[in-house]
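S.K.: what shape does this take:
(2 chains)
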Amino acid sequence: MGNCSNEHRGTSFSASAASLSNPLICSSINTFFFLDKYIFSQKSCDGKNIGTYSTASLLALSIIDLCETFYCHLGVNVPDHAMTFRSLCNLLQDSVTPFVVSVHAKECAGVYFCISTLTIRIIGLLQKSTQVFPQRTESLTNSDFPQSLPVVVIFKDFEAFNSQVLQDFILICSRYTQELPFIFIFGIATSPSAIQHRLPHSVSSLLCIEVFHSLSCTQHLASVFDKLILNSQFPFKLSSRVIQVLVGIFLYHDFSVQNFVKGLQFSMLEHFKSQPLSMLCCQKQEALLSAKTLSKKNVERIRHLPSFMRYVETQEPQEQVRLLTNDEHVKEVCQKLLKNLHKYHKNYYPILQCLHSLTSSLPKFPLGKHIRELHVSCIEKNLWETEEYDSALQLLRILAKDELVAALRKCAEILKSTKILQNVLQQLEDFIGRLEALEEDSSGNGIISGKMEYQKTDLFQLQKTLLEKESRRTKRMNPFEVLRSQVIEFIDSLVREYLTPAELQPLNEVCYYSSSGVLRQRLNVTPRTSIQAALSHPFYYLQNESLKTDAGTISSAAPDLCIVYKLHLECGRLINLYDWLEAFLTVMSAAEDQDTNSEDARFIQAVSEMEFLGFIKSTKQKTDHVARLTWGGC
Amino acid sequence: MFSSSSLPIQPLCIRIIQPSNLIKRMSVTLQCPGYPEDTLRSLAERLPCRETQLATLLALMGQPDQYSYPSVFIYGHRATGKSHVVLSIMKDLELPHASVDCVECVSSGLLFHQVLSAFFGPDAAALLPRCPSLSDFVRLYKQMSSNSPATQTRYIILDRAERMRDMDFSLLPALLRLQELVNDNVTVILLSEIVWEKFRPNTGCFEPLLFHFPDYSKAELVQILSWDHHPSYTPELYASYINILLGVFFSVCRDLRELRHLAVLNFSKFCEPLEKGEAKESDIHKLWKNIEPHLQRAMQTVYLREVSSVQWEQQQMDEKEATTLRVLSAHAHIELPYYSKFLLIAAYLASFNPARTDRRFFLKSHGKIRKTNFLKKHEKTSNHLLGPKPFPLDRLMAIFYSVVDSRVAPTASVFSQISSLVTLQLLSQVGHDDQLDSPKYKCSVSLDFILAISRCVCVCVRLLDLLALSLVIQSQVVRQERSLFTAVSNLHLL
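M.R.: Numbers count the residues shown, from 1 in each chain, chains lettered A, B, ... in the order given. So this is what the prediction gives:
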C-alpha cells in the first residue's frame, strides 16, 4: 500500500517542481519583454511612417539598409540557453511574427548550409511543403510572403559560428532588407565585445544593435531557491549536505539552473524511492490522514528512526514504554509530531528571512551574503553556537538608530506578508514604536563630565583610571542603547526558538533527503575514476568471489584487460610490447589449466581494447613500442 | 558593329580616368544623347557630389544601342557611392542589367543563374544544368541572345568583385571578355574596394577599364549629410549641426555611413535646448557648448556599434551625473563557473610559460636551477610578443590541479568545461591529427582578461604571485608590451 501511494505522490511532486521551476523561466523571459515590446513598436512604426525621421533605426532601415540586431547577453550556462531561446521563440511567435527561426552553429558550416537551413525552416513555417524550395531567400519574397512581417533569426550560440559565414550571411541579408525585414538575435555567452572580435566594422555597421542582459545565474538560483526550497508549502526538504552538493555543482561546474532543478528532482525521486516513510511527506491534512492509518511495519520503521528514538529518550519512562509497545499511541504521537513539524516549517522561513534581512547589510557578511548560506548553517547546527552568529550580533549591537529601525521595518513587512507569528510582529512593531518615540537624550550620552584634574600620574595610576572610565561607561547606557540591547535580545530569542536545526526535529527523516553521497555519485560523475576502479578492482563491479585479491597482486583469474592494465601501470611513457607480453604470459602461467595457444591472441585483443579505451596509442618514436596516454609515465 | 577584340587595348590598360580633368562643368556636360534629359537631371540631383563620376560613366557607356567597352572596373573606398551611382543609372535609365552580389554566389552556378534570369527571364535560367560550367553558361547565353539580340547594351554588375578571386580561376578572365565570347552587346562592371593589381591573374587577362571613385571631401560630406535634415527644423540649423559633428569626427572617421549614423544618433541631444526653450536656433555657440561633450563621449563607444540608438539615447538621459559608461564596464565582466576560471588561468600559464619551467613554478620542492642559463636565449624574448603556444591536455590538467586550492575530482563536468571554453573561443583547439588521444589547445585571451579573472577568483595570494612571477621572468618589459598591445588593439578597432 505504502509503495503505491509513494510513487503516485512522487510523480505529483515532480510535476509540481517542474511547474514551480517555470517562474524561473518567466523571470528570464522578463528580460526579453523589452525586446518584444521593442520589435513590436518598430513593426508598427514600419507600417505607418516609413521615411520619416522618428527613430534612428528607421532611417537606417530606409536608407542605409540595416538589419535590426539584438544581442542577448547570457551567462555561460549552455543547458539553460536552449530553454530560454525556446521560450523566447514561442513568445515572439505568439506576439510579433510567425517567422521565427533559430539556427545552431552546427548547422551552418558554410553560407550555403546556413541559408538553406533558414529557407527550409521558413518554408516549413509557411506550410508549403509541396513547393519546391528555392535556394535563395530572394525567390521567397516573390512568392506570396507576407510583406510587413519581419523574419527573426536567432543565432543560438554566436561564439561558435564561423565568423566568415556570419559576415557573408549578414551581407546577403542586408541586401534584401528592403523587401524582407530581418531581425537577428545573437545569443552571446561571453561579453558584448565578442561582436567586434567576430565581425569587422564593415559588417557590424550594417547592424543596428541592441544589447539585452539576462539575469545573472546566481540571481536565477536565488529565485529557484525562494520558490522551491525556502517555501513551507513544499513538503519535500533537502538536508544541508545535499544543498551544499547541489549548490557546489552549480557554482563550481556549470552555472546551470536547469541542471540544479534536475538535481532537485532527482533527489526527490531518490527520497521517495529509498525512504518508505516518505509517504508522510505531503500536505498536512493528507499526512495526518496517512499517519492515522499507518501499517504495523511502518510503525516499526518510525520507532527505528534516529530522531524518533531521540524523542523517546526525552520522555518519561511510562511514556517511553507506551511508545515502544502501543502502536495506536505511536500513531497519535506521530500525528502530533507531524503537526509540530509543519508548524516548525511555517515559522522557520519567515524568521529566516527576517534574520537574513537583518544581517545581509552588515559589513563582511558574517552570516553569508545569500539566504541559502544562512539556511544551510541553520538546518545544520545550532546557529547561536557559531562564532559567525556572535560576530553578527555584535555588529547588530552597534547599529545606529535609523539603520536599526529600517531593518526592523523590513522584518515587520516580511512577517506581515506571511500572516503568521502575529505576536512576534506585534512585539516588533512595539519596538519600532518605542525606538521612534525615543527622545534624543543628550544628557545620558555617557560622556564623563567630571572636571579633569591635571596631575602627575604614573603608568599604574593611568591604567587604573582608564579602567575605571571603561567600567563606568559600560554601566551607564542611554535609553536607546538599553532599547537596542533589548531588541537584539529579542531577535536572539527568536532565533533560538524558531531556527533550531531541522535535524533535531523528530520525524525529520520523513521530509528531509539527506544522502548527499549518492547524489554526488550520480550527478557529478567521474568516468575516468570508475574505469580505473573497474580495471584495477574488477571485483567491485563483477562481484565474483574469485576476483577478490589483495592490493598489489595480479590474479590470473581477472579478465585479460585488467591484467594488461595492471601490468602497464608499472611501465614508463613508452611500453615495450614484447616485455608486456612476457609479463602477461607469466601471470597467465600461474593458472595451470589454461590452453597456451590462445594467449597471444588474447593479449593482442586486450592491448587493442586498451587502445580503444584511450590508455595507450601507437607511436612511431620507437619500434614495437606503444605510448602511454595517462599520467604516471613521467 | 565591330568585334571587341579589334579595340585598341594597349593604351587603355593603364589609363585611369581622372574625372575632374575630363569634365569641368558637370551640369552642362550631363547631356548624353540617347537618354531622356529630365531623367538625367533628376539622376544628377539624386547623386550629390558624384556628378563628375556620373558624367564619366555615362560617357563611357555611350548611347544605349552602341557597343560599350567590354569590362569596366570601378574601385574606391567603402561608402563612396560606387554601387549607388551605378545602380541608380541602371534603374533610372531603365537599362537592361543584372546586378549580382558576389557574396551570394557560393558557386559560379548561382551567378550564371542570376544573370540569365535577369536578361532572359527565369525560364532561360531553368535551362542551366545542375552544376553549370562556364561553357554551359556561354552556350546558353549565345542561344538566348540569338533569339533576342540586344537592342541596348546589357550590363552585368558584379558587386564586391573581390570575392570572384576565390571562385573558379577561369571565371574572372572569361567574364572580362564576355562580350567577345557571347558576341553580344554586353558590358561587365566590376565593383570593388581594392585595386585592380590585386585581381590580375598570373596567366594574364583582358584589362578592364579602371575607374576610381575618390573619397568625399569634407565640404562634400557636409553637403550630403545636410540632405537628411529634420522636417521640423530649418535646413540651416541642420547644416550647422553637421558642421559641428564633422569638426569632432572628421579626424577619426570619414565613412559616410558611420557619420550618418552618428548624426542621427546625436541630433535629438543637439535639439534639446531648443525644445526646452533655452536657446534659439541662432545661438549656434550655445548649442555647440551643449553638444560638444556628448560628441566626445560618443566617440568612445558608438563607433563600436555596441549600443543601439535607443539605448544610447536612454543612456544619455540616465547619465547626467554618472561619468563611467555602463557598457564599457560590461566589457571586462564575464561570468564563468569557478573551475572554469581556474582552467582558463591554467591554460594561460601553460600557453605562455615554457614547459620546462613548470617544475619550477608549480612544484613545491623543485630542484635547484642554475640561475645563469635557466632560460635559453630565445626564451628570454617575451612570450607575449610571440603569442600563445599550444599545450597538451595533460599539461593543462596538471597545472590546473596545482593551481586550485582544494582537491578536485576529475569529473566529467571538469572536462566538459574545457570543451565549453573552446566553444566560447576562450581556448582554441589546435592540430587535427590526434584529436581523440592527445588534443592540444591554445589560450586565446589576453593578459588583462586573465588578470581580471584571477583577481576575482583568487583569495589565495599564491596564484597571483605565480602569475606575477611567471610574467616577470618572461617579460622584462611588461609595461612597454602593454602599451604595444593597446596600440595594436586600437588599430584593430579602427
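
S.K.: and the strands in the chain?
M.R.: As the question left the chain open, I've gone with chain A. With DSSP state E applied, chain A shows strands at A:67-73, A:100-103, A:151-155, A:182-188, A:207-213, A:237-238, A:512-513, A:574-576, A:616-618, A:625-628, listed in chain order.

S.K.: looking at chain B here, not the other one
M.R.: For chain B, the strands identified by DSSP E occupy B:16-17, B:71-76, B:97-101, B:154-159, B:186-192, B:209-213, B:391-392, B:427-430, B:440-443, in order along the chain.

S.K.: tell me the pLDDT at residue 127?
M.R.: You didn't pick a chain, so chain A it is. A:Gln127 carries a pLDDT score of 65 in this model.

S.K.: oops, chain B please
M.R.: pLDDT, B:Leu127: 87.

S.K.: what ranges does the stretch 351-494 of chain B have for its helices?
M.R.: Shown for the stretch 351-494 of chain B, the helices assigned by DSSP state H, counting those that start in this stretch span residues B:358-362, B:377-380, B:383-386, B:393-403, B:412-423, B:447-457, B:461-474, B:478-493.

S.K.: actually the stretch 201-350 of chain B, not the one I wrote
M.R.: Along the stretch 201-350 of chain B, the segments classed as helices by DSSP H, counting those that start in this stretch run B:218-225, B:235-249, B:256-276, B:284-301, B:309-318, B:326-332, B:338-352.

S.K.: which intervals of the stretch 251-400 of chain B have sub-threshold pLDDT?
M.R.: Residues of the stretch 251-400 of chain B meeting the criterion pLDDT under 70: B:301-333, B:364-383.

S.K.: can we see that at 80?
M.R.: Along the stretch 251-400 of chain B, segments meeting pLDDT under 80 span B:253, B:261, B:264-265, B:268-269, B:277-284, B:296-335, B:356-386.

S.K.: also the stretch 201-350 of chain A?
M.R.: A:201-202, A:204-217.

S.K.: and the residue of the stretch 351-494 of chain B closest to chain A?
M.R.: Residue nearest to chain A within the stretch 351-494 of chain B (Cβ to the nearest Cβ): B:Ser413, separated by 4.2 Å. (Glycine included, C-beta is placed from N, CA and C.)

S.K.: excluding its backbone neighbours, what's nearest that residue?
M.R.: Taking Cβ to Cβ, 6 or more residues apart in numbering or on different chains, and ignoring the residues beside it in sequence, B:Ser413 has A:His253 as its nearest neighbour in space, at 4.2 Å.

S.K.: A:Leu355 reaches A:Leu367, doesn't it?
M.R.: Yes. The pair formed by A:Leu355 and A:Leu367 meets the contact definition of Cβ atoms under 8 Å, at 7.4 Å.

S.K.: just want the residue of the stretch 151-300 of chain B that's nearest chain A.
M.R.: Of all residues in the stretch 151-300 of chain B, the one sitting closest to chain A is B:Val264 (4.3 Å; Cβ to the nearest Cβ).

S.K.: can you work out which residues contact both of A:Leu355 and A:Leu367?
M.R.: Where contact means Cβ atoms under 8 Å, 6 or more residues apart in numbering or on different chains, the residues bridging A:Leu355 and A:Leu367 through contact with each are A:Leu374.

S.K.: pretty sure B:Lys82 contacts B:Val72?
M.R.: No. Taking Cβ under 8 Å as the contact criterion, B:Lys82 and B:Val72 are not neighbours in contact, 11.1 Å apart.

S.K.: just want to know which of those two has more residues nearby.
M.R.: In terms of neighbours (other Cβ atoms under 10 Å in any protein chain shown), B:Lys82 is the more surrounded of B:Lys82 and B:Val72; the figures are 24 against 21.

S.K.: look at residue 4 and report its pLDDT.
M.R.: Went with chain A since none was named. As predicted, A:Cys4 sits at a pLDDT of 36.

S.K.: hm, I was asking about chain B
M.R.: Predicted confidence (pLDDT) for B:Ser4: 40.
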